[in-house]
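**Q** Attaching a predicted model along with its sequence, questions to come.
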Amino acid sequence: MSLYSITGAQLAFGHVALLDHADFSLEAGERVGLIGRNGAGKSSLLKIVADLAKPDDGLVSRQQNLTTVYVPQEPEFDTDDTVFEAVAAGLTHARALLDEYDVVANQLADEPEGAGHDALMARMNTLQSSLDAADAWNWSTRVATTLQQIGLNGEARVGSLSGGMQKRVALARALVVQPDVLLLDEPTNHLDFDGIRWLEELLVSLRAGLLFITHDRAFLDRVATRIVELDRGRLLSYPGNFSAYQTRKAQQLEIERVENDKADKLLAQEEVWIRKGVEARRTRSVGRIARLVEMRQQHAERRNVQGNVKLDVGQGEKSGKIVAELTDVTKRYGPRTVVDNFTATVMRGDKIGFVGPNGAGKTTLLKMILGELAPDSGTVRVGTNLQVAYFDQMRAQLDLDKSLADTISPGSEWVEVNGQKKHVMSYLGDFLFAPERARSPVKSLSGGERNRLLLARLFARPANVLVLDEPTNDLDIPTLELLEELLTEYDGTVLLVSHDRAFLDNVATSVIASEGAGKWREYVGGFTDWQLQRDRSQQMALDAQKEAGKDAAKGPAPAKDNAAGRNAPRAAKLSFKEQRELDALPEKIAALETEQKTIGAQLEDGSIFAKDAQEGTRLTGRYAAIDEELLIALERWDELEKRRK
């Protein structure tokens with residue numbers, strides 16, 4: 001039996017039907033990813049399941065005593081509360097029952113035998129049953145255990161925590177209830193890569209039913225056991241993860257297109273028939289006329305697939321070949337070193353992703369590359385003719401009281417993109433804003449719509465360097481995929497900060513990653529390539545450390561002094577085989593360096609990934625493997641050379 005189900009649900013805002021006779025059910029242990037376009041009604045459906053809203057019509061069924069917990073996109077806390085108090089707030093009902101039980105127990109002690117005493121006794125028995133069912137007796141232990149599992153300090157103040165840590169507090173507050181159904185709205189917002197991986201592991205291990213909204217495709221692939229798409233008022237279910245959904249959705253859209261083409265052709269034939277001359281009208285079939293009326297109605301009611309955003313970025317003049325050159329750059333804030341002795345060169349056409357934990361200094365490094373922030377030491381040489389367009393994750397560039405049209409083109413009704421003039425209404429239509437909304441204030445838009453407006457504003461200005469700080473937040477999946485395609489084909493330079501792993505894999509040609517303690521390192525390829533190379537480097541360092549530990553434990557082998565009859569050190573000579581190995585090593589090292597340089601040149605512009613992604617991945621792996629071979633060869637050469645001398 002389903003934990004929760006909706007049958008024939010209807011919900012509309014104005015003339016837009018968000019739910020149109022929609023059906024939905026959630027089974028125990030299922031992890032359902034809810035996807036759909038911005039404004040399709042996903043959050044409204046989540047609130048209906050959470051019993052925070054009601055559909056206009058339809059049948060809602062839920063199991064008896066079902067515990068449902070809803071975690072919104074932006075959870076609210078009293079910033080003066082400790083983390084323990086904030087998490088314990090999830091057990092407000094259980095604690096209220098416990099308080100009432102104490103009151104009734106005190107009253108019962110003072111109440112003499114009689115009707116009042118019996119009534120209090122009955123109430124106490126009821127409360128005891130409720131407390132047993134809610135497992136409320138040890139609520140404090142439950143809170144402490146949950147804090148330990150999630151890795152939170154119960155004594156910290158909520159107001160002092162980062163957005164990512166506050167998200168963890170919200171999840172802890174939900175999980176301490178031990179819900180049957182957990183509802184999450186954009187759970188990955190404000191989380192860095194480590195936080196997202198932690199959340200994935202947590203949700204996969206949950207026994208509760210899970211319904212969540214996200215546009216993070218890698219997260220959907222890892223967590224979801226079923227995808228439900230809210231499409232034109234209908235809820236369409238696809239078993240499996242997001243990759244399986246993409247395959248089935250493409251097949252479904254093709255079938256729908258063919259069926260619509262057939263229906264349109266038949267309708268056109270029937271319209272010709274109904275308009276024939278007088279002699280035809282005398283013999284018209286009543287049944288055929290009724291069928292035509294029905295076909296006209298079906299055609300009118302057909303809700304076509306919502307149009308997609310039309311993205312086109314204004315191309316500025318070409319920048320210089322070198323966009324920025326950083327040499328031994330260091331930046332500190334008080335005692336903390338954010339960037340430590342970093343050297344890199346950003347070339348025209350590079351698409352660089354910046355990755356690292358929240359607060360690692362990604363924005364600081366970006367500002368130094370653009371020349372907006374001076375380093376404490378080292379040099380930064382900024383290239384010539386840079387036209388920078390900046391996408392701010394906090395949307396600070398948007399004036400909430402301005403209209404959409406004034407935001408895009410203040411004081412004018414025209415926008416010029418790539419030398420072509422376009423009316424601002426038409427341009428806003430490319431980003432799915434209806435003409436009647438052009439005069440609406442920005443504050444009336446949802447989070448996803450504001451991001452879309454910011455992209456429209458960004459792309460209306462000519463630029464040869466795009467700086468995108470978390471551009472994927474709140475964007476729906478079709479818009480994300482179009483943005484990826486645009487950035488891949490873009491001739492200019494892209495500097496990208498994002499926690500969307502799939503987006504980084506599809507756009508970035510290299511990654512500059514935080515290694516901790518202010519250290520940054522550049523890796524060829526996208527997010528997955530960076531992970532593989534980083535893990536391999538860490539394993540190599542660990543192996544080298546173990547070997548060094550073994551050598552230290554063994555100590556130097558004693559040599560006997562024949563003349564004095566005592567142990568004395570003696571230089572070990574190279575064998576013939578070792579001498580030949582030493583002679584061959586310089587040539588081997590040179591060959592490896594040449595091979596790595598050749599591969600680096602092939603990977604540098606990123607075109608190999610567009611032409612042959614498999615070959616690009618192979619070359620990336622080989623590039624990293626050469627690093628390992630070079631390290632081994634150099635260490636061996638150093639060891640043999642020292643022994644020879």
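**A** Happy to help now that I have it.
**Q** C-alpha only now, for contacts and for neighbours.
**A** Will do.
**Q** what sits against V424?
**A** Each residue near V424 by C-alpha atoms under 8 Å, 6 or more residues apart in numbering is listed here: 405, 408-409, 413-415.
**Q** Where do the domain boundaries of the chain fall?
**A** According to the TED database, the chain comprises the domains 1-67+179-239, 76-175, 245-304, 322-532, 576-644.
**Q** hmm, back to that, so which of the contacts of V424 are in strands?
**A** Judged by DSSP state E, the subset of those located in strands is 414-415.
**Q** so can I have JSON lines of the contacts of V424 showing pLDDT?
**A** Below are the contacts of V424 laid out as JSON lines (pLDDT from 0 to 100):
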{"residue": "A405", "pLDDT": "86"}
{"residue": "I408", "pLDDT": "84"}
{"residue": "S409", "pLDDT": "82"}
{"residue": "E413", "pLDDT": "82"}
{"residue": "W414", "pLDDT": "82"}
{"residue": "V415", "pLDDT": "81"}
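**Q** Which of the contacts of V424 sits closest to A541?
**A** Checking these against A541 with C-alpha to C-alpha, the nearest one is I408 at 51.5 Å.
**Q** What strands line up against the helix or strand harbouring I352, and which way round?
**A** Assigned by DSSP states H and E, I352 belongs to strand 351-355. Sheet pairing for strand 351-355, assigned by DSSP bridges, gives strand 493-497 (parallel), strand 510-516 (parallel).
**Q** winner for burial among the ones you listed?
**A** Comparing the strands paired with strand 351-355 by mean neighbour count (mean count of other C-alpha atoms under 10 Å), strand 493-497 comes out on top with a mean of 24.
**Q** Any idea how far that strand is from the middle of the chain?
**A** 17 Å (C-alpha atoms, centre = their mean, to the nearest Å).
**Q** what comes into contact with that strand?
**A** Against strand 493-497 from outside (C-alpha under 8 Å, 6+ apart): 347-355, 362, 366, 464-471, 487, 508.
**Q** Any quick ChimeraX command for the buried ones out of those residues?
**A** In ChimeraX, this line selects whichever of the contacts of strand 493-497 come out buried by 16 or more other C-alpha atoms under 10 Å:
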select :347,348,349,350,351,352,353,354,355,362,366,464,465,466,467,468,469,470,471,487,508
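**Q** Out of the contacts of strand 493-497, list just those in helices.
**A** Cross-referencing these against helices under DSSP state H gives 362, 366, 487.
**Q** Turn the residues you listed into a markdown table, including distance to V388 and pLDDT.
**A** Below are those laid out as a markdown table (distance: C-alpha to C-alpha, whole Å; pLDDT from 0 to 100):
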| residue | distance to V388 | pLDDT |
| --- | --- | --- |
| K362 | 17 | 88 |
| L366 | 12 | 89 |
| L487 | 15 | 86 |
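**Q** For those, please prepare JSON lines with the additional fields distance to E201.
**A** Formatted as JSON lines, the ones in helices among the contacts of strand 493-497 follow (distance: C-alpha to C-alpha, whole Å):
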{"residue": "K362", "distance to E201": "26"}
{"residue": "L366", "distance to E201": "31"}
{"residue": "L487", "distance to E201": "31"}
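**Q** Please identify which of those is nearest to E595.
**A** Relative to E595, the closest of the ones in helices among the contacts of strand 493-497 is L487; by C-alpha to C-alpha it sits at 29.8 Å.
**Q** which residues of the stretch 151-300 of the chain fall in strands?
**A** Ranges of strands in the stretch 151-300 of the chain, per DSSP state E, counting those that start in this stretch, are 181-185, 209-213, 226-231, 234-239.
**Q** looking at the ones you listed, which is closest to E27?
**A** For the strands of the stretch 151-300 of the chain, proximity to E27 was assessed by C-alpha to C-alpha; strand 209-213 is nearest, at 6.6 Å.
**Q** so how many other residues sit close to Q579?
**A** Counted with other C-alpha atoms under 10 Å, the neighbours of Q579 add up to 14.
**Q** give the contact list for it.
**A** Contacts of Q579 were listed using C-alpha under 8 Å, 6+ apart, and none were found.
**Q** Over to F503?
**A** 480, 484.
**Q** one more time with 10 Å
**A** Residues near F503 by C-alpha atoms under 10 Å, 6 or more residues apart in numbering: 216-218, 353, 471-472, 480-481, 483-484, 496, 526-527.
**Q** buried stuff in the one helix or strand M121 maps to?
**A** According to DSSP H and E, M121 maps onto helix 115-134. Neighbour counts over helix 115-134 (16+ other C-alpha under 10 Å) mark 117, 120-121, 123-124, 127-128, 131, 134 as buried.
**Q** how far out from the middle of the chain is that helix?
**A** Taking mean C-alpha positions (C-alpha atoms, centre = their mean), helix 115-134 and its chain are 48 Å apart.
**Q** how about TSV for the buried residues of helix 115-134, with distance to D180 and pLDDT added?
**A** Listed next are those as TSV, based on distance: C-alpha to C-alpha, whole Å; pLDDT from 0 to 100:
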residue	distance to D180	pLDDT
H117	37	72
L120	32	80
M121	31	81
R123	27	80
M124	27	81
L127	22	80
Q128	22	81
L131	17	73
A134	12	68
